[in-house]
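J.: I would like to see how this sequence folds:
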Amino acid sequence: MHSIIRRYNDLKIGKKLIIIFLLISIIPIILLQVFHFTSVRKTMTSQVDEIIQSDLIQISERTNLSLENYTNLMYQIYVDENVIDQVMILMNGTPTRRAAAKSDIRELLHRYTSVVEGVRSISLVCKNGESVTYDFATDSSMYNIWNRFKDMRIAPPYLDAENKSGMVITPSMKFDENGVKKYYFHISKRLYNFDQLEKGSIATVIMTVDEEVLNTICNSSKESKTGINFILDDAGKVISYPSEAYVAMSTGENLEAFVRESGYLQSSHNIGINKYKDESTGWTFVNAYDTDEMLKDVRRIQIITVLISSIIIVVVGLIIFYTTRTFNKSVNTIVKGMQTVQAGDLDKRISVKSKDEFGTIAANFNIMTARVKELLQQISSAKDRQRHAELKALEAQINPHFLYNTLDSINWMAIEHGENEISKALSNLGLILRHSVSKVEEKTPIIAECDFLQRYLELQQIRYEGAFKYEINMQPELKNLYIHKLLIQPFVENAILHGFEGIEEGGMLSINMDISEDNRFLQISIADNGNGIEEELVNKMNNRDAVINDDNIDKAGLGLKNAFSRLVMYYGGMAHWNINSVEKIGTEITLYIPKSECE
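T.: Below you'll find the predicted structure:
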C-alpha cells in the first residue's frame, strides 16, 4: 500500500489527473450504470410480478365465480324431489317403470343443461349401475360422451366422489370424438333420498364442463406474445392450457421447460414464472411470461443511457486531456523558473499568460523573488547596524547581579555595625528581588513560593510596625507540586493594603495550602480579620464572567481583577475561586488550581 502511494506521489500532475478522472468519473459511472440497470430491472420485475400475481388472484376469483354457477346448478339437481323420485324408481321399479323413469330423468337433465353455458353433459349414475346421461352436443339418448364406459361407476368422476360428501371437481380429461380430441373437467356430487338418509347415497350426479370455459377465463387473448396463463391440479397435471394438446399432461418440476416445449415463448431467453394457489379448489394458477419482451422499454432506456454516458465520458476525457496539457506547460514553466532562482539568479522572472491559479503563483513568485532580493540587501545592511547596537547595549547594560552584590555589600556593612534587623531586612529584600526579576512566568516549587511569601511578609511587618501577624500552613504532600511565581503574592498584598488599612495592631493573616476533598484541585486560602469587602463587590468578584470581561471595576477591586485574570490566563477554565467576606470582620479568598497543572 505504501509503495503504491509513493509511486502515485511521484507521478506528474497530468498523469495524476488522468488517474483521478478514471477513479472519480469513468469507473463510478460504469458502476452506477450497472447498479442502476440491475436495480431498475429488479424493481420492474418485482412490479410486473406483483401485477401478474394480482391478475392470477382475479383469474382465480373469476374461475370460482364461474364454478359457482355450475355448483349452484348441481345443488338444484341435488334438492330436486322429482329427480330423487325418478332415481328411486330407476333403482327399484319394474322394467317398464325404469324405462319411463330414464326418459323423465333425461328430460329433467335437458332442462338443467340449457341453463348454464359450457355444460357438455349431465349424468346420473345409480348405485346399482343404472345411469342416465343427457349430452347437450349430441342431444341423443344413444350416443353421448360416456359411451366408452359400459359401467359409469368406473369413471374417474364417480370414483372421486364416492367417498366424499361435498362437491368434487375432477381435473380435465381427454375424450376422442370422431378423431377430434376434446377436454372436459367434471363436477360430481352424491345424491341422497332425504327420507332415507340412513341408507346412504342413492346415486352420483356428474356434470361435464368444457375445458375451454377455464381457458377463456385464463387467457382473454388467444395469441399472446408476452405470456400465458394456465391451471394445474395439486398433482401438477394440467387442468387448462392455451393449447388443448397439453391438457391433462404432467408438467414435471421444470415449468419453464414445459412452456417452451408446448410451443410458447420459445424465442425468449428468460421466462418468468408466477403461481397462485387457490385454497377453495386446490388448483394452482400459473403465469409464464417473456421477461425480455416485458422489459424491452427498460432495456431501450438503458441502451440510450449507456450511449449518453459514453458521449459524456469522451467529452470529459477531451477536456481533461486539454487541461492536463495546459497544466503541464504552466507547471514546467514555474519549475524551471524556481530552479533558476534556486541557482542564485534573483533577476529571473516567470512568464505565465493564463490568469488562473498558475498565473497567480507565477506573479506572486516574481513579487516574492524581487522582495527576497530587496530583503537580502536590507539584511546585509541591518547586520552592520545590529552589531553596532549590541556593542552600545553592552556598554549601557547594568547587570542584575550588580544590584544583588551591592545589597550584599550593604548587608555586611550593617552586620559590622551590629544592625542585625537592618541586615535581615536587606537579606530578605535581596532574595525577594532575585525571585521577582527572574522569569516571572516560570513555575516554582510551592515550598520555594512559601519561603518567598515568608520573607515578603517579614518586610511588610517591618513596614507596618507589627500591626499584623501571619501564619503559612502547607501540607507536606504539596512539597512536590509547582505553581507560577508570584501567583499568591497579589492576594496577600491586597489583604495587607486594604484589609489592614487603618488597623494598628491585632491583625492576623493566615495562608493555608491543601488538596481539595475530590483530589482534583490545589486549594489555597488567604484569610484576614481586617476590614472586609462590601457585599456588592464580593458578588461581582465571585462572577467569573464579570471579572474577566468587565473593564469598569472600580479601583478597590482592580487588584483582585488583575490577580484573578492572571490565574485564568495560567490555568484556563478549570481554575476558579470563591470569596467570603463580612465587613468589619474579615475576608477569605480561596483559590482552586487544577492539580494536574501543578505536577
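J.: going forward, measure contacts and count neighbours with C-alpha atoms only.
T.: OK.
J.: ok, longest helix in this structure?
T.: For the chain, the helix with the greatest residue count under DSSP state H is helix 27-79.
J.: roughly how far is the next helix or strand after it from the heart of the chain?
T.: Downstream of helix 27-79, the next assigned helix or strand under DSSP states H and E is helix 81-92. Remark: helix 81-92 is offset 77 Å from the chain centroid, using Cα atoms, centre = their mean, to the nearest Å.
J.: use 177 as the first number for this chain going forward.
T.: In the new count, where the first residue is 177, that last one comes out as helix 257-268.
J.: buried stuff in helix 257-268?
T.: Burial within helix 257-268, assessed by neighbour count using 16 or more other Cα atoms under 10 Å, is assigned to 259, 260, 262, 263, 264, 265, 266, 267.
J.: now stretch 684-701
T.: Taking 16+ other Cα under 10 Å as the basis for neighbour counts, the residues of stretch 684-701 that come out buried are 684, 685, 686, 687, 689, 690, 691, 697, 698, 699, 700, 701.
J.: what mean pLDDT does that stretch have?
T.: With pLDDT averaged residue by residue, stretch 684-701 scores 94.
J.: contacts for it, please.
T.: Contacts with stretch 684-701, where a contact means Cα atoms under 8 Å, 6 or more residues apart in numbering, come from 644-651, 654, 671, 702-706, 764-772, 774.
J.: filter these to the buried ones?
T.: For those, burial is judged from neighbour counts taken by 16+ other Cα under 10 Å, and it is met by 644, 654, 671, 702-706, 764-771, 774.
J.: give me the subset of those that lies in strands.
T.: 644, 702, 703, 704, 764, 765, 766, 767, 768, 769, 770 (DSSP state E).
J.: closest one of these to residue 374?
T.: Of all those, the one with the least separation from residue 374 (Cα to Cα) is residue 770, at 103.6 Å.
J.: which residue packs closest to that closest one, ignoring adjacent ones?
T.: Spatially, and ignoring its direct neighbours in sequence, residue 770 is nearest to residue 697 (4.5 Å; Cα to Cα, 6 or more residues apart in numbering).
J.: relative orientation of the helix or strand harbouring residue 511 and helix 203-255 in degrees?
T.: Here residue 511, judged by DSSP H and E, is contained in helix 472-518. Per axes from the mean of the first three to the mean of the last three Cα atoms, to 10 degrees, the angle that helix 472-518 makes with helix 203-255 is 160 degrees.
J.: check which helices and strands helix 472-518 is in contact with.
T.: The helices and strands touching helix 472-518, judged by 3 or more Cα pairs under 8 Å, 6 or more residues apart in numbering; DSSP states H and E, are helix 189-197, helix 203-255, helix 533-572.
J.: repeat the analysis, applying 7 Å as the threshold.
T.: Taking 3 or more Cα pairs under 7 Å, 6 or more residues apart in numbering; DSSP states H and E as contact, the helices and strands that helix 472-518 lies on are helix 189-197.
J.: mean confidence for the helix it packs on?
T.: 70.
J.: give me the helices and strands touching the host helix or strand of residue 743, please.
T.: Element membership for residue 743, per DSSP H and E: helix 731-747. Contacts defined by 3+ Cα pairs under 7 Å, 6+ apart place helix 731-747 against helix 665-670.
J.: can you list the buried residues in the helix it packs on?
T.: Residues of helix 665-670 classed as buried by neighbour count (16+ other Cα under 10 Å): 665, 667, 668, 670.
J.: list the contacts of the nearest residue to residue 751 once chain neighbours are set aside.
T.: Using Cα to Cα, 6+ apart and skipping the chain neighbours, the partner closest in space to residue 751 is residue 769 (5.0 Å). Contacts were defined as Cα atoms under 7 Å, 6 or more residues apart in numbering; by that measure residue 769 touches 697, 698, 699, 751.
J.: got those residues as TSV, with secondary structure and distance to residue 714 columns?
T.: Converted to TSV, the contacts of residue 769 look like this (DSSP: H, G, I helix; E, B strand; the rest coil; distance: Cα to Cα, whole Å):
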residue	secondary structure	distance to residue 714
697	strand	22
698	strand	22
699	strand	19
751	coil	18
